[in-house]
Every structure is written in structure tokens, then in C-alpha cells.
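Visitor: Show me the folded form of this:
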Amino acid sequence: MKPIKIDVLVKISIFSAISFVLMRFFEIPIPFLWPELKYDMSEVPAAIIGFSISPAAGVSVILIKNALHLITSFNLIGIIANTLVGVIFVGISASLYARDKKLKTAVSGMLFATVVMALVMMPVNFFLVRLFTGGQMPNMERLVFYSIPTFNLFKGALNAIITCILYKRVSKAFLKQGSGPTQPPENL
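Guide: Okay, here's the model as predicted:
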């Protein structure tokens, strides 16, 4: 197993901190879907790291961000769900991009990951909501089968757009310091 470079660990740490701050302090409520659902763009730094360094680095940012959030929050359902959503979004899209570093692959990877995220989170949220509420939540079916999938599709699409806008600038900084890919990413 190849040792991880210090500069890669530093970048993962910095982007984990940025991701945590975005999640903790810059949430936007989406009340028309469900009062507890809030958009944050904390998966964007993880996706950028996932595309720039490796899928494992991007997933590490998600795990560290949510571990930090667990220390400061008691919303266990939200933390579990956010961890799974982030791992799915970043893991799938960065893995696909690692195979073919083109804009088309990045965009289609993020869109595919968004759809998978919405589909996977329906049964996961159904289980989590039933587990933590004892199945006594009013309108649970509306939440699990309408509000949460709609929210996840919205969140994934918005994160994909923001990632595409920011990635090129941020990845150039990575290349200057030597921990990114060996060649500039194509078209993203």
C-alpha cells in the first residue's frame, strides 16, 4: 500500500473543515418540501477533492465532515442520511470521472449519482424515520416517497452545477502543488 502524501492529507483536512462550516452554518431551509429539510453545499468541496485527488479522498471529506457534525449536533437521522447521500454522490461521480476525465463524464456521473442517491435514500429514510419515531410520524409516506426524493434530486443537481462552476479554478491550484492528477483535467 502506497503511503499518503502529507499535502494530500492537508488538503483533505482543509476541505473537510470547509465542508463542515458549509453544512453547519450555511443551511438553507426548504420548507415547501418538509420543514426539517435544509440545503447545504457541503458535498461540493468533497466532490472537488474527489475529482482532483481520488474518490477515496472525496469520501474521506464526507466522513470527516459528518464526524465533526456529530460532535456538534444531536440530529442522528440527519447525520446518517447526510453521510450516505454524500458518499453516494461523491463516491459514484468521482469514481466515474477517475476512469474518463472529461466534462461529459463528470456531468453524467453527478447526474447518475443524484438519481441513485434519490432512489437509495427512500428505503433508507423510511427505515430511519420508523426507527427513530417508532413509526408514529404523521405524513411519513409523503416525507419518504415525495419530499425526500424531490429534495435529494434538487440537492444533487444544484451541487453538480456548483461543482462544475468551481472545479476548474480549484483543480488548477491543486496541480500547481503537485497532489492532483498528473495532467490537467479535460473540459471540466
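
Visitor: Could you pull up the residues touching Phe15?
Guide: The contact partners of Phe15, taken as CB atoms under 8 Å, 6 or more residues apart in numbering, are Pro45, Ala46, Ile48, Ile49, Val61. In this view, the C-beta of every residue, glycine as well, is placed from N, C-alpha and C.

Visitor: Which of the residues you listed fall in strands?
Guide: Among the contacts of Phe15, no member is found in strands (DSSP state E).

Visitor: Tell me the one among those residues nearest to Leu143.
Guide: Ala46 (25.6 Å; CB to CB).

Visitor: Isn't the closest one up against Ile62?
Guide: Yes: counting by CB atoms under 8 Å, Ala46 does reach Ile62; the two are 4.9 Å apart.

Visitor: Of the contacts of Phe15, which is the nearest to Lys5?
Guide: Using CB to CB, Ile49 comes nearest to Lys5 of these, at 13.5 Å.

Visitor: gap between the closest one and Val21?
Guide: Remark: distance between Ile49 and Val21 (CB to CB, to the nearest Å) = 15 Å.

Visitor: Check Ser171 and give its pLDDT.
Guide: Model confidence at Ser171, expressed as pLDDT, equals 77.

Visitor: separation between the nearest residue to it once chain neighbours are set aside and Ala118?
Guide: Excluding its sequence neighbours, the residue lying closest to Ser171 (CB to CB, 6 or more residues apart in numbering) is Ser52, at 4.8 Å. Remark: distance between Ser52 and Ala118 (CB to CB) = 26 Å.

Visitor: Right, I'll leave it there.
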